[in-house]
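Asks: need coordinates for the below:
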Amino acid sequence: MSPLLEGVALSKSYRQGGEPLEVLRGVSLALQPGEMVVIVGPSGAGKSTLLHLLGGLDTPTAGKVIFQGRNLYALSDRERAQLRNRAFGFVFQFYHLVPELTALENVMLPGWMGNGGGPSAKTAQRARGLLEEVGLGRRLSHHPGQLSGGEQQRVAIARALMNGPELLFCDEPTGNLDSETGSKIVELLVRLNRQERRTLVVVTHETSMTQVAGRVLSLKDGRLWG
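Replies: Sure thing, here's the model as predicted:
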């Protein structure tokens, strides 16, 4: 089976005080359709950097990312943004919801962008269905400030699913939650993977997520092990 997405010899370095800081050193990773891959490592190991490179959010110093036969970084910025909106979903530690918008409107955002920036009845219907799926069917009109941390993360997950992505990238999805709420978010992610066959890549420093992963990799000293 051909990989759904493949990172090939990815390197990333930054300038820090005039000296180069190597965060990733020739990391390669192939993701199969329907996998749930968890990447663990200590804070500062480069987990988020790797996730951003795989998802087309940042540019590697060297290497490439292949998705459906295309190198993400050979595309124009516009083409890459369009592909991200269509094929990728992102869940972050701090939710990144728009505070002025309701839960329903936050979930609809990717649909608006995919629909040329305009709302539609079809977009609203799908957003409602996704919020019901994550257990928030009665919180559609609430703003982020009126929701708990776990509820906000559920809104963020529903938003990530809005355009039916083939890949869901999760960056410390339980890192800002208490253990009980975090466990519920993990259960939701596992259900998306096992019942809906969503392909998930999760980066975390919490080893508890390794118990539900199909494959566990470790990032240390800029290299991937496992």
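
Asks: C-alpha from now on. contacts and neighbour counts both.
Replies: Will do.

Asks: how about low-confidence regions in this structure?
Replies: 114-119 (pLDDT under 70).

Asks: quick one: the most centrally placed residue in it and Phe90, what's the gap?
Replies: With distances taken as C-alpha atoms, centre = their mean, Phe169 lies nearest the centre of the chain, 2.2 Å away. Per C-alpha to C-alpha, to the nearest Å, Phe169 is found 5 Å from Phe90.

Asks: next one: Gly129
Replies: 19 Å.

Asks: neighbour count winner among the two?
Replies: Neighbours of Gly129 and Phe90, each counted by other C-alpha atoms under 10 Å, are more numerous for Phe90; the result is 24 against 17.

Asks: and the helix or strand where Leu130 lies, which residues are buried?
Replies: Using DSSP states H and E, Leu130 maps to helix 121-133. In terms of neighbour count (16 or more other C-alpha atoms under 10 Å), helix 121-133 has its buried residues at Thr123, Ala124, Arg126, Ala127, Arg128, Gly129, Leu130, Leu131.

Asks: elements contacting it?
Replies: Other helices and strands packing on helix 121-133, by 3 or more C-alpha pairs under 8 Å, 6 or more residues apart in numbering; DSSP states H and E, are helix 103-114, helix 149-160.

Asks: CA atoms of that helix as CSV?
Replies: Provided in CSV are the C-alpha atoms of helix 121-133 (Å, rounded to 0.1, in the frame of the first residue of the first chain):
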residue,chain,number,x,y,z
ALA,A,121,-27.1,26.2,4.5
LYS,A,122,-25.1,23.1,3.6
THR,A,123,-22.0,24.3,5.6
ALA,A,124,-24.2,25.2,8.6
GLN,A,125,-25.9,21.8,8.5
ARG,A,126,-22.5,19.9,8.4
ALA,A,127,-21.2,22.1,11.3
ARG,A,128,-24.2,21.3,13.4
GLY,A,129,-23.8,17.6,12.7
LEU,A,130,-20.1,17.6,13.7
LEU,A,131,-20.8,19.5,17.0
GLU,A,132,-23.5,16.9,17.8
GLU,A,133,-21.0,14.1,17.0
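
Asks: other residues contacting that helix?
Replies: Helix 121-133 is contacted by residues 104, 107-108, 111-112, 137-138, 140, 154-155, 158-159, 161-162 when judged by C-alpha atoms under 8 Å, 6 or more residues apart in numbering.

Asks: can you name the two of the buried residues of helix 121-133 that are farthest apart?
Replies: Longest distance between any two of these is 12.4 Å, between Thr123 and Leu131; criterion C-alpha to C-alpha.
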